[in-house]
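Visitor: the following block contains a protein sequence and its predicted model.
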Amino acid sequence: MTTTATQVEHTQTQTDARPLLLEVQDLKVEFTIRGGVVKAVDGLTFDIKRGQTMGIIGESGCGKSVTARAILRMIPKPGKITGGRILYYRRPRHPKPGEEDKVEVIDVTKLDPDGEVIRQIRGGEIAMIFQEPMSSLTPVYTAGTHINEAVTLHRLLPIKKLGDQMVERIMEYRRVTKEEARAIAIEMLRRVGIPKPEQRVDSYPHQLSGGQRQRVMIAIALSTEPAMLIADEPTTALDVSIEAQILDLMRDLQRTTNMAIMFITHNLGVIASMADEIVVMYMGKQVERAKVVDLFYNPKHPYTKALLQSVPRLGPKTGQRLASIEGMVPDPLNLPTGCVFHPRCPAFVAGKCDKIVPKWTQVGENHWVRCLLYEE
Amino acid sequence: MVNYIIRRIGYALILLVLVSFVSFAIIELPPGDYLTQKIEQLRARGDRSAEQQVERLRQRYGLDKPFLERYVNWAVNFLRGDFGESFEYERPVSEILGARLGYTVILAIATTVFTWALAIPLGVYSAVKQYSLGDQIISVISFIGLGMPGFLLALIVLYFAVILFNMEVVGLFSPEYERAPWSIGKVLDLLSHLWVPALISAITGIGGLVRIMRGNLLDTLGQPFVEAARARGLKNRTVIWKHAVRIAINPLITILGSDVFPSIVVGSSLVAIVLNLPTIGPVFVDSLRKLDMYLAGTCIVFLTFMLLVGNLVADLLLAWVDPRIRLE
C-alpha cells in the first residue's frame, strides 16, 4: 500500500507526525520608542504540533514573552507586529456532525486585536498562565468567579437532538448554567490538586498561597479545555519544591488532555524536564532549534553552549568556577552588526561574524542553527 | 466586625468632644466677644442705655461666666438638642440651621451626583486612551478646575449669565416662587436653578477626582491580573470595568467619605455666598467672622460629626467592596 509507505517515510524524515497546531513564520515585532525602534522579535520561525511541548528559552528581554503575547495579539503598546505570519490551525470547538476534522487556518496577525475571533481563541483555544501568580488573579474576586468567567465565556455543553425522521443526529450546544459552572470550577480545582476544593472555590486570592494561586491559574486556563497552553515562566516566582509540583501537575494534565504547551522560561533545568523541542532566543532572534536531547547533548550555537555551561551542577567537586557568558547584553536600540552574538562569542571570527548576518541553517534532523560556523 | 464598629463609634464620640472643645476655645481666642462689637456699635451711635442693655444680654447668654462653665453648659444643652442661641439673628441656632438644612442637603447631593457621574467616566476614558487628544483635553480642563477656586468660577458664570444671556442665576428660586408654598411649579423652579451651583461646584471638584481616577486606573491597567483577564478572552469593556476600574476606584471611596459627607453641612460656602444660596455655608462663614459662638460651634460639631460618619461609612464600604481589608 502506497499510503503506509509514504507514512513510514514521513515519520522517518519528520519524527513528529502529529497534526500542526500553530505555525509561526518569520515573525517580527517592533517597539517604536523615543530612542528608536527595538526589534523585540526578529524573524522567528517555529511550529507547534497538537499535544507537543515547545520550549522557548533565552535571557530576560530576548523576546520570549513578546512572542507569547503576539500569538494572542496582546502585545502592549507601542509594540506592533511588523512582519510574518502566525497560522493557527483551528478545529471547531463545538463541531456539528461531520465537521469534527475540519481545519480552518487563521492568520492571527491579520485579526482585529479586540475582535470576536481572537477573543474566542484567547482563553478558549489558547490559554495562558503567567509569571506572577501572586498578582495574576483579580484581588476582589474568588477563585470560583475567575473560573466561572472563563467557563461561561468559552464552554458550551452539548444537547443531543434526534432528527425528525432520519438517522442523522443534530448536535446542538447550550451555555453553561451558573450551577454547572460552579461544579466545573470545583472539579477543576480538585484536578489541579487544591485541597478542599468545595471551600477553596470561594476563597479570595489573598487567602491562597503562591503555589495555590498558580494552581488556580492553571485551573482557569484548563477549565475551557484549550488546544494549547502558553506558560510564560509559570514557576519563576515560586520556590523550588512548589515549582516541581507545578511542573508535575502540568505534565500530568497534558497527558490526559493532549494539550500542546508552549513553555517559556530562562531555566534550563525546567525546560529539560518539560519540552520535546526547544527554541533558543537571543536578542529577538532564534539562534538554535532542536529536539531537547539534541540540544542538551549536541548544542551547536556558541550561545547555547555557553548557556549550558553556565548551569551549576551537583556532583564531585571539580574546583572550577562556574562559567559565565562574557560581556553584557547589547543595547536593544543599538544591536551589533552581523551576528548579534558576536561581541560575546568565544568562537568569534573577525571580519566575518561582525559583517555577515548568519542564515537559518539546518545542521541535522530537526536541528537548525543560526551561526556562520555551520554555513557552507 | 461589630466590635470594630462599636470601637470606631467610641473613638468618634471622644473625638467629637475634643473637637467641640477646641473649636469653642478657638472661636473665643480673638479679643472681645460678639457683645463687645455690639457695644462699640451702640456707643458709636451715642446710645446711653446701650451698656445696660448689653449687660442684660451678657447675662442672658451667660457671657459673664467663665469659659469652662460656658462650654459645659453649651455642651450639656447640646446633647438635649438645644444648640444655644445665635447673637446675630437672636433666634435659636437649631431654627436657623434647620431652615437651611434641606437646601444644603439637596445641593450637596446634586453636586455629588454631578461630580461623580462626570469624573469617573472622564477619568476612565483619560486612562484608557492615555495621551490621546481626548485625554489631553480632559487633563487641561481638570487642571483648570483644580486650580480655579469655585467662587471665581461662580463670579465668571454670574457675569456671563447676566451680561450675555440676561439670565437669573442667583439664589435657588425665581422671585415669584421665593415665598410661595411648595408646589410642582416650585420644585421645577428649584431644579432649574439648582444645576448652576451644582455644576460650578462639580467643575471645581471634578478636576481632582479625574486625575486620581486616571492615575489609579493607569496603575491598575499595568497589573498582571488585567492582562490575565484579557488573556481569558474577555471583552475589552469587561476587562476595564470589571477587573481594572473595580480595583482602581477603591481609593475614591475614602474621598467619598471625607469629602461628600461634610459637604452636606457646609458644602462650597464661598460659591454659595457669591450665588446667594440659602444654604448653611454662608451662615457658617459669617458666624465665624462675627464671633457668633453658638452658631459657629454647632456648625463645627456637625461638620466633625459628618466627617466621622463619612469616614466610618467609607471604611465599611471599602471592607464591603474589597475582601482584602475585611476584618475576620
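Guide: Nice, thanks for sending it over. Numbers count the residues shown, from 1 in each chain, chains lettered A, B, ... in the order given.
Visitor: ok, and the helix or strand in chain A with the lowest average confidence?
Guide: helix A:2-13 (a mean of 38; mean pLDDT, DSSP states H and E).
Visitor: immediately after that one, which helix or strand?
Guide: Sequence-wise, the next helix or strand downstream of helix A:2-13 (DSSP states H and E) is strand A:20-33.
Visitor: distance from the following helix or strand past that following strand to the middle of the chain?
Guide: Counting by DSSP H and E, the element after strand A:20-33 in chain order, helix or strand, is strand A:36-49. With CA atoms, centre = their mean, to the nearest Å as the basis, strand A:36-49 stands 14 Å off its chain's centre.
Visitor: now do the same contact list for the spatially most central residue of chain B.
Guide: Centroid-nearest residue in chain B, with CA atoms, centre = their mean: B:S263, separated by 1.5 Å. B:S263 is in contact with B:108, B:111-112, counting by CB atoms under 8 Å, 6 or more residues apart in numbering or on different chains. Every C-beta, even on glycine, is put in place using the N, C-alpha and C of the backbone.
Visitor: mind doing that once more with 7 Å?
Guide: Listed by CB atoms under 7 Å, 6 or more residues apart in numbering or on different chains, the contact partners of B:S263 are B:A108.
Visitor: now the helix or strand that contains it, how far from the chain's geometric center?
Guide: Here B:S263 is covered by helix B:261-266, with elements defined by DSSP H and E. When C-alpha coordinates are averaged (CA atoms, centre = their mean), helix B:261-266 and its chain have centres 3 Å apart.
Visitor: and A:E132, backbone torsions?
Guide: phi -110, psi 90 (degrees, to the nearest 10).
Visitor: do the same with the one 10 residues further on
Guide: Backbone geometry at A:T142, expressed as degrees, to the nearest 10, gives phi -80, psi 170.
Visitor: does it touch A:S203 like I think?
Guide: Yes - between A:T142 and A:S203 there is a contact at 6.1 Å, judged by CB atoms under 7 Å.
Visitor: leaving out sequence neighbours, find the closest residue to the residue in the stretch 101-250 of chain B positioned nearest to chain A.
Guide: Closest to chain A within the stretch 101-250 of chain B is B:G233: 3.4 Å, counting by CB to the nearest CB. Distance criterion CB to CB, 6 or more residues apart in numbering or on different chains; nearest residue to B:G233, sequence neighbours excluded, is A:G123 at 3.4 Å.
Visitor: who's in contact with the one you found?
Guide: A:150, A:153-154, A:224, B:231-233.
Visitor: let me see the confidence value for B:E95.
Guide: B:E95 is assigned 88 on the pLDDT scale.
Visitor: can you give me phi and psi for it?
Guide: Residue torsions, per degrees, to the nearest 10, at B:E95 are phi -70, psi -50.
Visitor: what's the burial count for it?
Guide: 12 (other CB atoms under 10 Å in any protein chain shown).
Visitor: please apply the same query to A:R200.
Guide: Per other CB under 10 Å, the neighbour tally for A:R200 reads 21.
Visitor: so what does the nearest residue in space to it that is not next to it in sequence look like in phi/psi?
Guide: Once flanking residues are discounted, A:R200 sits nearest to A:I194: 5.1 Å by CB to CB, 6+ apart. Phi and psi for A:I194, reported as degrees, to the nearest 10, are phi -90, psi 130.
Visitor: ok, A:I194 touching A:R213?
Guide: No - assessed by CB under 7 Å, A:I194 is found out of contact with A:R213, at 10.1 Å.
Visitor: restricting to C-alpha, output stretch A:203-216 in PDB.
Guide: C-alpha atoms of stretch A:203-216 as PDB (Å, rounded to 0.1, in the frame of the first residue of the first chain):
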ATOM      1  CA  SER A 203     -11.500  31.800  48.600                       C
ATOM      2  CA  TYR A 204     -10.200  35.200  47.600                       C
ATOM      3  CA  PRO A 205      -6.700  35.300  46.100                       C
ATOM      4  CA  HIS A 206      -5.100  36.700  49.200                       C
ATOM      5  CA  GLN A 207      -6.300  33.700  51.100                       C
ATOM      6  CA  LEU A 208      -4.300  31.400  48.900                       C
ATOM      7  CA  SER A 209      -0.600  30.700  48.800                       C
ATOM      8  CA  GLY A 210       1.600  31.400  45.800                       C
ATOM      9  CA  GLY A 211       1.600  27.800  44.700                       C
ATOM     10  CA  GLN A 212      -2.100  27.600  45.100                       C
ATOM     11  CA  ARG A 213      -2.700  30.700  43.100                       C
ATOM     12  CA  GLN A 214      -0.700  29.300  40.300                       C
ATOM     13  CA  ARG A 215      -2.700  26.100  40.500                       C
ATOM     14  CA  VAL A 216      -5.800  28.200  40.300                       C
END
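Visitor: tell me the helix or strand right after the top helix by length along chain B.
Guide: The single longest helix within chain B, with elements called by DSSP state H, is helix B:184-221. Using DSSP H and E, the next helix or strand after helix B:184-221 towards the C-terminus is helix B:224-231.
Visitor: ok so, going back, dump the residue contacts of the residue nearest to A:R200.
Guide: A:200, A:212, A:215.
Visitor: kindly recompute the last result at 10 Å.
Guide: For A:I194, the contacting residues are A:143, A:186, A:188, A:200-201, A:203, A:208, A:211-212, A:215-216, A:219, by CB atoms under 10 Å, 6 or more residues apart in numbering or on different chains.
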